[in-house]
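K.L.:
got a predicted structure plus its sequence, pasted below:
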Amino acid sequence: RCRIDGAPASGAGAFAEHLRLVWLTPDLDGLFRGPAGDRRRFLDRLVLAVDPAHGARASGLEKALRSRNRLLEEGRDGRWLDAVERELAELAVAVAAARAETLGRLTGLIAETADTASPFPAAEATLEGTLEAELARQPATLVEDAYRDRLARARARDRAAGRTLEGPHLSDLQVRHAAKAMPAEKCSTGEQKALLVGLVLAHARLVTRLDGRAPVALLDEVAAHLDPVRREALFSTLDALGAQVWLTGADPAAFADIGGRATVFSVADGVVRRADAP
């Protein structure tokens, strides 16, 4: 149930206008080795925390893509496709530009604050995609016009494929271990976890810098999968961030070291209790 000032809200997305959220959950553990779509969604969440309007743009892009694919399948005439492709090109460039801008700021902050002694290694991240590459060289209006022209020329090809074969819906986030100059997907499982935690913590610092207030951090089953050194480094970094942090996990021992710094709750049989309550 989502409420704002006591009134029902349409969903959790409505909170984006009032607070910033960063989170890390176990389903992200395979992010670097998984499909590109998972990394795009991860990046869109990062963008959304600093640009609440990004969610509407990303949703609009998906809707425009579905509309174009349907029109191609139905064999509609050029006027219908012209209108959809005009909207699609505008949204595609806006989404690509927002992703590139946020990623540029994030990588800049990581490079600026890199600490070789940190157990969370610095990451280098790039966004691979046609529009992103063009936006680095040309104004957005020119990129939009060129993409719209390519969409028109590719109708026969895309109709045969049953989908749109070019656009930011196919872009990929590439992450490397900076110190080792190694792609994240080739790093060990522990290094991948540390890279991911480091990215999320850096993003939280970026949100704080841009928004002027620390985000709410939601970290599920993170502490349990870190060794004692990295676990303490995580707790110390979160302390320094000054954010409201929710850490959840099934092993109480993972939180033994922060008993004096945090309020600890236990959940059993659907009931939430403070761990120090009788």
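P.N.:
Arrived safely. Numbers count the residues shown, from 1 in each chain.

K.L.:
let me know the pLDDT of Ala117.
P.N.:
For Ala117, the pLDDT comes out at 86.

K.L.:
so it, which state does it fall into?
P.N.:
Classification of Ala117 by DSSP: H, G, I helix; E, B strand; the rest coil places it in coil.

K.L.:
likewise the one 10 residues further on?
P.N.:
Under three-state DSSP, Leu127 falls in the strand class.

K.L.:
repeat that for the one 10 residues further on.
P.N.:
Of the three states, Arg137 takes coil under three-state DSSP.

K.L.:
look up how far Ala146 lies from it.
P.N.:
Noted for Arg137: a distance of 11 Å to Ala146, by C-beta to C-beta, to the nearest Å. Heads up, the C-betas are built off the backbone N, CA and C, glycines and all.

K.L.:
and Ala100, how close does it get to Leu127?
P.N.:
Counting by C-beta to C-beta, the gap from Ala100 to Leu127 is 6 Å.

K.L.:
about what we covered before: higher neighbour count, Arg137 and Ala146?
P.N.:
Set Arg137 next to Ala146 and count neighbours by other C-beta atoms under 10 Å: Ala146 wins out with 16 against 8.

K.L.:
which intervals of this structure have sub-threshold pLDDT?
P.N.:
Along the chain, segments meeting pLDDT under 70 span 277-278.

K.L.:
how far is the top helix by length along the chain from where the chain is centred?
P.N.:
Criterion DSSP state H: the longest helix present in the chain is helix 78-113. With C-alpha atoms, centre = their mean, to the nearest Å as the basis, helix 78-113 stands 14 Å off its chain's centre.

K.L.:
buried stuff in it?
P.N.:
Going by neighbour count (16 or more other C-beta atoms under 10 Å), the buried part of helix 78-113 is 81, 84-85, 87-100, 102-103, 105-107, 109-110.

K.L.:
ok, residues contacting stretch 176-195?
P.N.:
Contacts to stretch 176-195, defined as C-beta atoms under 8 Å, 6 or more residues apart in numbering, come from residues 29, 31-33, 110, 114, 116, 119-125, 174-175, 225-227, 230.

K.L.:
how many other residues sit next to Phe255?
P.N.:
By other C-beta under 10 Å, 20 other residues sit near Phe255.

K.L.:
what are the phi and psi angles of it?
P.N.:
phi -110, psi 10 (degrees, to the nearest 10).

K.L.:
and it, what does it touch?
P.N.:
Ala223, Leu247, Gly249, Ala262, Val264.

K.L.:
can you tell me which of those residues has the most neighbours?
P.N.:
Among the contacts of Phe255, Ala223 has the most neighbours (other C-beta under 10 Å), with 22 neighbours.

K.L.:
what's the burial count for the residue nearest to it when sequence neighbours are not counted?
P.N.:
Nearest residue to Ala223, sequence neighbours excluded (C-beta to C-beta, 6 or more residues apart in numbering): Ala254, at 4.2 Å. Applying other C-beta under 10 Å, we find 18 residues neighbouring Ala254.

K.L.:
dump the residue contacts of the closest residue in space to Ala9 that isn't next to it in sequence.
P.N.:
Leaving aside its sequence neighbours, Ala9 sits nearest to Cys2 (C-beta to C-beta, 6+ apart; 4.1 Å). Counting by C-beta under 8 Å, 6+ apart, Cys2 touches Pro8, Ala9, Ser10, Gly11, Ala12, Ala14, Phe15.
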